[in-house]
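Asker: need a 3D model of the following:
(one chain, ligands or ions: 1)
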Amino acid sequence: MKPTGYFTHPICRKHDMGAGHPECPDRLGAIEDRLLITGLADALERREPSPASQSELELAHSRSYIASLRGMTDELCEEIKAGGPDRLQLDPDTSINVHTYQAALMGAGAALNATDAVLAGELQNAFCAVRPPGHHACRDRAMGFCIFNHVALAAKYALDRHGLQRVAVIDFDVHHGNGTEEIVAGDPRILMCSYYQHPFYPEWPHAEADNLVNVPVPAYSKGMDVRELIDSVWMPRLEAHRPEMIFISAGFDAHREDDMGQLGLVEQDYVWITQRLKAVADRHAQGRIVSVLEGGYNLSALARSVEAHVRVLADL
Ligand SMILES: [Zn+2]
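Answerer: Residues are numbered from 1 along each chain as shown. Alright, predicted model coming up:
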């Protein structure tokens, strides 16, 4: 039995969008505490990632966007020296500090390193506890707390660098992964399945493509409603696609206690979803799964949900 990897890095806690921002460094602390308290941390193989390289980032992002982020970080350092503010706003709810660029590189690197380790057979699967999150990040722009799209990068990396022919991207965050969708739309090698509260942020024009399986759900839907849709809509497409590896945008803000959205999922629903995905991975992908943290803003619900998700990944 191969271990489940747990990828995280201290720099991911240094990205900080200011007091009161829900996408806060304490999210990673809450997850870490929970894994320690429950003893689950001891059962995981903990690894520190290395940052993604320029050529790796270009698998999903434009050279001009990557350069502009670097430029803004340099500009911010200069402004701070001159007594200016310590953050620079990228969109109404996304800002960078001097650590953001490195944290985002490390988040992307975690997803890529996890992909390498799982494909090398060193790990059965992996969870990346990283931030900033990624699924709203588009090819050319940051938005919705996201800078680089870790999951889209890892999916492309598995195909282009490791030679896989078919992968699946699953997004169970309460918000629509519009950035991932933009990057993978029309690529028949990648099947993207998601559910999300609708109408809701990001109110982004949905791409139409054969490889996108979108399941919009109304506010106040419960876990059972979502489970039925997953079984009837995602599962037949996943079985037909036969992915050789599964990537998960693991956002836990559809939890009943999370005020960021209005869905009613609980830990048992995340257990059920993870079991379903694991069964698909076992049938078609030699069990290979890389899961990357996205949303989840109620610290207690986030920590409990991650525990539930990782426990299934690790067969515990
Ligand atoms: Zn979200």
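
Asker: show me the strands in this protein, by range?
Answerer: Remark: strands assigned in the chain by DSSP state E are 4-7, 45-47, 88-91, 94-96, 125-128, 167-171, 190-197, 212-217, 246-250, 289-293.

Asker: can I get the ones you listed in TSV including mean neighbour count, mean pLDDT and distance to His61?
Answerer: Quick note: C-beta positions are derived from backbone N, CA and C, even for glycine. As requested, these are exported to TSV (neighbours: other Cβ atoms under 10 Å; pLDDT from 0 to 100; distance: least, Cβ to Cβ, whole Å):
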stretch	mean neighbour count	mean pLDDT	distance to His61
strand 4-7	26	98	20
strand 45-47	16	98	24
strand 88-91	16	95	14
strand 94-96	22	98	15
strand 125-128	30	99	18
strand 167-171	27	99	16
strand 190-197	25	98	16
strand 212-217	17	96	20
strand 246-250	28	99	16
strand 289-293	29	99	16
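
Asker: is it true that Met17 touches Thr94?
Answerer: Yes: in this structure, Met17 is within contact of Thr94 by Cβ atoms under 8 Å, at 7.2 Å.

Asker: need the residues touching each of the two.
Answerer: Both Met17 and Thr94 are contacted by Phe145, under the criterion Cβ atoms under 8 Å, 6 or more residues apart in numbering.

Asker: residues near Gly186, how many?
Answerer: 11 (other Cβ atoms under 10 Å).

Asker: got the contact list for it?
Answerer: 207, 209-211.

Asker: which two of the residues you listed have the greatest separation?
Answerer: Ala207 and Asp210 (10.8 Å; Cβ to Cβ).

Asker: picking that back up, which ChimeraX command selects the buried ones in the contacts of Gly186?
Answerer: Only the buried members of the contacts of Gly186 end up in this ChimeraX selection, burial being decided by 16 or more other Cβ atoms under 10 Å:
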select :207,211
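
Asker: restrict the contacts of Gly186 to contacts with the ion.
Answerer: Filtering the contacts of Gly186 for proximity to the ion by Cβ under 5 Å from the ion leaves nothing.

Asker: next, the residue in the chain positioned nearest to the ion: phi, psi?
Answerer: Using Cβ to the ion, the closest approach of the chain to the ion is made by Gly295 at 2.8 Å. Main-chain torsions, Gly295, degrees, to the nearest 10: phi -90, psi -170.

Asker: how close does it sit to Leu105?
Answerer: 20 Å (Cβ to Cβ, to the nearest Å).

Asker: those two: who's more crowded?
Answerer: With neighbours defined as other Cβ under 10 Å, Gly295 and Leu105 compare such that Gly295 has more, 28 against 24.

Asker: chain neighbours aside, what residue packs nearest to Gly29?
Answerer: Sequence neighbours aside, Arg13 is the residue nearest to Gly29 in space, at 7.1 Å (criterion: Cβ to Cβ, 6 or more residues apart in numbering).

Asker: the one you found: how many residues sit nearby?
Answerer: Around Arg13 there are 18 residues (other Cβ under 10 Å).

Asker: could you check the pLDDT of the nearest residue to Asp160 once chain neighbours are set aside?
Answerer: Leaving aside its sequence neighbours, Asp160 sits nearest to Leu59 (Cβ to Cβ, 6+ apart; 6.2 Å). Among the per-residue scores, Leu59 holds a pLDDT of 98.
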